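In: starting from these lines, generate the structure:
(4 chains)
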Protein chains: 2
Amino acid sequence: MARRISERADLLPVLGEIFRDYGFEAASLSVIGERTGLGKGSLYHFFPGGKEEMAKAVLDEIGSWFENEVFRPLREDGDAAAAIEAMLVAVDGYFRSGRRICLVGALALADSRERFAAQIAGYFAAWQDALAGALARSGQADPDGLAEEILALIQGGLVLARARDEAVIFTRLLARLRLRLQPAG
Amino acid sequence: MARRISERADLLPVLGEIFRDYGFEAASLSVIGERTGLGKGSLYHFFPGGKEEMAKAVLDEIGSWFENEVFRPLREDGDAAAAIEAMLVAVDGYFRSGRRICLVGALALADSRERFAAQIAGYFAAWQDALAGALARSGQADPDGLAEEILALIQGGLVLARARDEAVIFTRLLARLRLRLQPAG
DNA sequence: TAAAGACTGAACCGATCGGTACAGAATGGA
DNA sequence: TCCATTCTGTACCGATCGGTTCAGTCTTTA
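Out: Purely as a prediction, here's the structure:
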């Protein structure tokens, strides 16, 4: 054996930002090489499946992060309202208060969506299920509908913030959401 | 002179669907040629600026459609609540009840966003302004915040519907929105 | 009907695409 | 120390990219 035990894992955050910046199609191997500092040889050593394997690995990592930091806490017993507030904090942090887009949502709108359809659908389904459970425990009426609405607000907020180049739009939407959740939470 | 007076205008809807399906980068001139039935020579005759001019023309057409069918009715005096309801009907129709994505929103998330930044930002700003005015006239509190929220719901609903391949998500979100607007409208 | 201008198809351009091949450098275990 | 293995840089592949060029066809107007 030689060299690193897990340099591949270290690449995933960089790859994620590249796909966020360029999208899947426009993220060329040359720009990936530049920003990772790796030649094609190294990239294909770590990801024999090429760009598609890179994107899938990134989506897996994102899914794991949300599972650990967002979904599972929502599912745990305990103060449901506090768990939902923790979710909002985590989401605000992850999306850099509106300055960072959701790669999963962006891929869902792109033509490459079919390649990653299962991962994309699974991400949102898991999120909505976990959130609906917490909303139900916190006494909200129509938890499924409300969870769907909250996810749409978050995704739409990221679109609007990026479209108008005003990150504060995302923060404002989260603030309004907190107010709506307050009375019943 | 010869030939058509406005074949170029007839191309715009087709080009719009192509950009929806593929995104800007992945919409190659060859696929544009296939689906329009035109060779590169014809395409560059109508759009000397190439793909970028095509996309800008499509965005202009979308902007005009929304201006006439959505924004202006919202601004007109009269029954504000009815105008808002008319907007929801128009939006549901335009986006095919969730089966069609918003090209403006999709471009906002893509790497080509800077090329169309002005048109993208202008589209959402005009929409939000017109909607906030109608909401104010209908007696809603915080019309600006609510308008922002409604736009986010629409955009996020399109993302979710596409991501989970369930158009009904979009319809459900619009239905919930109608309920929320009812009491004060 | 003839000239003018709108329109078209095909060949072509250099650049870049994703991906492959492989020799050799770097590294750790024996 | 030496070998097995991991890792890397470079050169290269065919295909396709967006864009250009232009001879020639079509249609309208005069």
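
In: all helices of chain A, in order?
Out: A:7-26, A:29-36, A:40-46, A:50-66, A:72-75, A:80-94, A:103-109, A:117-137, A:143-164, A:168-181 (DSSP state H).

In: any idea of the mean pLDDT in the fifth one?
Out: Averaged over helix A:72-75, pLDDT sits at 98.

In: hang on, the earlier thing: mind putting the helices of chain A in CSV, mean neighbour count and distance to B:Asp111 included?
Out: C-beta here means a position set from N, CA and C on the backbone, and glycine is covered the same way. Supplementary listing: these in CSV, determined by neighbours: other Cβ atoms under 10 Å in any protein chain shown; distance: least, Cβ to Cβ, whole Å:
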stretch, mean neighbour count, distance to B:Asp111
helix A:7-26, 18, 4
helix A:29-36, 14, 10
helix A:40-46, 14, 20
helix A:50-66, 18, 15
helix A:72-75, 17, 32
helix A:80-94, 17, 21
helix A:103-109, 25, 10
helix A:117-137, 20, 19
helix A:143-164, 25, 11
helix A:168-181, 18, 20
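
In: looking at those helices, which is nearest to DNA strand D?
Out: Taking Cβ to the nearest atom of the strand, helix A:40-46 is the member of the helices of chain A nearest to DNA strand D, at 2.1 Å.

In: next one: A:Ala26 from chain B, what distance?
Out: For A:Ala26, the distance to chain B equals 4 Å [Cβ to the nearest Cβ, to the nearest Å].

In: please read the previous query as pertaining to A:Ile101.
Out: Applying Cβ to the nearest Cβ, one obtains 6 Å for the distance of A:Ile101 from chain B.

In: neighbours of that residue, just the number please.
Out: The number of residues packed around A:Ile101, counting by other Cβ atoms under 10 Å in any protein chain shown, is 21.

In: quick one: contacts for it?
Out: The contact partners of A:Ile101, by Cβ atoms under 8 Å, 6 or more residues apart in numbering or on different chains, come to A:20, A:95, A:158-159, A:162, B:109.

In: do that again at 10 Å, thanks
Out: Applying Cβ atoms under 10 Å, 6 or more residues apart in numbering or on different chains to A:Ile101 gives the contacts A:20-21, A:95, A:155, A:158-159, A:161-162, B:108-110, B:113.

In: pretty sure A:Arg137 contacts A:Asp79?
Out: Yes. With contact defined as Cβ atoms under 10 Å, A:Arg137 and A:Asp79 form a contacting pair (9.1 Å).

In: for DNA strand C, what's the nearest residue on chain A?
Out: Across chain A, no residue is closer to DNA strand C than A:Gly50, which sits at 2.5 Å (Cβ to the nearest atom of the strand).

In: thinking again about what came up before, ok, which of the helices of chain A comes nearest B:Ile169?
Out: Closest approach to B:Ile169 among these is made by helix A:143-164 (6.3 Å; Cβ to Cβ).

In: what angle sits between the closest one and helix B:143-163?
Out: Here helix A:143-164 points in a direction 100 degrees away from that of helix B:143-163 (axes from the mean of the first three to the mean of the last three Cα atoms, to 10 degrees).

In: pLDDT of helix A:143-164, averaged?
Out: If you average the pLDDT over helix A:143-164, you get 98.

In: try stretch A:19-35
Out: Averaging the model's pLDDT scores along stretch A:19-35 yields 93.
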